[in-house]
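Asker: I would like the atomic coordinates for the input below:
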Amino acid sequence: MSIGMIDTGRIEAMVAQLKATAARATPSIEKPLQTQQPTGAVDFQSALKSSLDQVNQTQMNAQNLSERFALGDRSVSLSDTMIAMQKSSIALQQTVQVRNKLVSAYQEIMNMAV
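Answerer: Residues are numbered from 1 along each chain as shown. Model (predicted):
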């Protein structure tokens, strides 16, 4: 279904994707934390690098789409470009918030009396 120039099917797909991501991010209420099986040891450094690489990839994708749209590429729609730019913005904001929490935790640990 399309309203004017906006493809509502893509918007509905994006909403479904966001709901699925939110469901994966929230812990299951049915299982207590103690009974959940560990997924394996994850090195903090590799997890942080992987997260930063994903944010970088998201930003590069948004920049690529915006450049293609600005140059008149008919295969790139305005809605796709705007969604990619919003994803990029949210990913960057999330990264900044995580950084702020890490710095705060570091400062708190450094202020502890030994």
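Asker: element containing the spatially most central residue of the chain, please.
Answerer: Closest residue to the average C-alpha location of the chain: A91 at 4.4 Å, with Cα atoms, centre = their mean. Assigned by DSSP states H and E, A91 belongs to helix 78-110.
Asker: Which strands or helices does that helix pack on?
Answerer: When contacts are defined as 3 or more Cβ pairs under 8 Å, 6 or more residues apart in numbering; DSSP states H and E, helix 78-110 packs onto helix 8-25, helix 44-70. C-beta: built from backbone N, CA, C; applies to glycine.
Asker: need the least confident one among those, by mean pLDDT.
Answerer: Looking over the helices and strands packed on helix 78-110, mean pLDDT reaches its minimum on helix 8-25, with a mean of 71.
Asker: per-residue confidence at the residue of the chain most remote from its centre?
Answerer: Here the centre of the chain is the reference, and by Cα atoms, centre = their mean the most remote residue is V114, at 37.7 Å. pLDDT, V114: 76.
Asker: List just the one of the helices and strands packed on helix 78-110 that sits closest to L102.
Answerer: helix 44-70 (8.9 Å; Cβ to Cβ).
Asker: Check which residues of the closest one are buried.
Answerer: Under the neighbour-count criterion of 16 or more other Cβ atoms under 10 Å, helix 44-70 has V55, T58, Q59, A62, L65, S66, F69 buried.
Asker: Isn't T95 up against D53?
Answerer: No. T95 is beyond contact range of D53, at 11.2 Å (criterion: Cβ atoms under 8 Å).
Asker: From M110, how far out is M85?
Answerer: 37 Å (Cβ to Cβ, to the nearest Å).
Asker: which of those two has more neighbours?
Answerer: Set side by side, M85 and M110 show more neighbours around M85, with 18 against 7, by other Cβ atoms under 10 Å.
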